[in-house]
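K.L.:
Kindly generate the corresponding structure for this input.
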Amino acid sequence: MVKKTAIYPGSFDPVTKGHLDIIERSARIFDRVVVAVLENGAKIPSFTFGERVEMLKTAARGFPNVEVKSFDGLLVDFVRRENASVIVKGLRAVSDFEYEFQMALLNRKIAPEIETMFLTTSDKYCFLSSSIVRDIARHGGNLDEFVPAELVDYIREKLSKS
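P.N.:
Got it, this is the predicted structure:
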């Protein structure tokens with residue numbers, strides 16, 4: 001039997017419960033899910049590359065078929081290296097769709113063998129983004145409903161200093 005592998009890419013700066021929702025649902029659909037943390041030179045993240053990878057490993061440890069890896073360069077090259085055939089993207093709103101649709105078409109042009117699958121976030125997370133979490137943390141707000149419980153203190157402490 002051929003195992004289906006999917007890649008769920010992102011910057012995850014920091015990981016949110018919305019990200020975990022997509023990870024959990026992807027893990028039910030695919031045999032193997034690789035959460036791919038992107039090193040994007042165009043963005044200045046609040047958390048280091050290593051911190052983002054470690055936060056995701058902590059948050060995803062309950063999913064036996066989920067791995068966390070990092071990459072830079074073209075996503076389709078990483079997908080090929082992982083012998084995956086699907087890119088999973090989470091969508092919160094129409095504005096997400098517009099950008100992600102363009103990226104999916106571009107990826108299909110470069111690598112027609114790779115499909116993109118869109119998962120809409122659960123309604124309780126449709127407003128949630130990493131930038132909102134960073135803003136709440138910087139102002140001392142409660143993060144309990146927005147990030148995994150085991151990361152609340154770490155995220156609050158790191159961002160309250162910035």
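K.L.:
Okay, now the unreliable bits of this protein?
P.N.:
By pLDDT under 70, the low-scoring segments of the chain are 1-2, 41, 161-162.
K.L.:
Kindly recompute the last result at 90.
P.N.:
Across the chain, the ranges flagged by pLDDT under 90 are 1-3, 39-44, 72, 92-96, 98, 160-162.
K.L.:
all helices for it, in order.
P.N.:
17-29, 49-59, 75-81, 94-110, 130-138, 152-160 (DSSP state H).
K.L.:
Report the separation between residue 124 and residue 144.
P.N.:
If you measure residue 124 against residue 144 using CB to CB, to the nearest Å, the figure is 13 Å. No exception for glycine: its C-beta is placed from N, CA and C like everyone else's.
K.L.:
no, scratch that, I was asking about residue 46
P.N.:
Separation of residue 46 from residue 144 (CB to CB) stands at 19 Å.
K.L.:
out of the two, which sits in the busier spot?
P.N.:
residue 46 (19 against 10; other CB atoms under 10 Å).
K.L.:
How about the contacts made by the more buried one?
P.N.:
13, 14, 134, 158, 159, 162 (CB atoms under 8 Å, 6 or more residues apart in numbering).
K.L.:
Now which of those residues would you call buried?
P.N.:
13, 14, 134, 158, 159 (16 or more other CB atoms under 10 Å).
K.L.:
what's the closest of those residues to residue 40?
P.N.:
residue 13 (9.4 Å; CB to CB).
K.L.:
Give the closest residue to that closest one in space, chain neighbours not counted.
P.N.:
residue 45 (4.4 Å; CB to CB, 6 or more residues apart in numbering).
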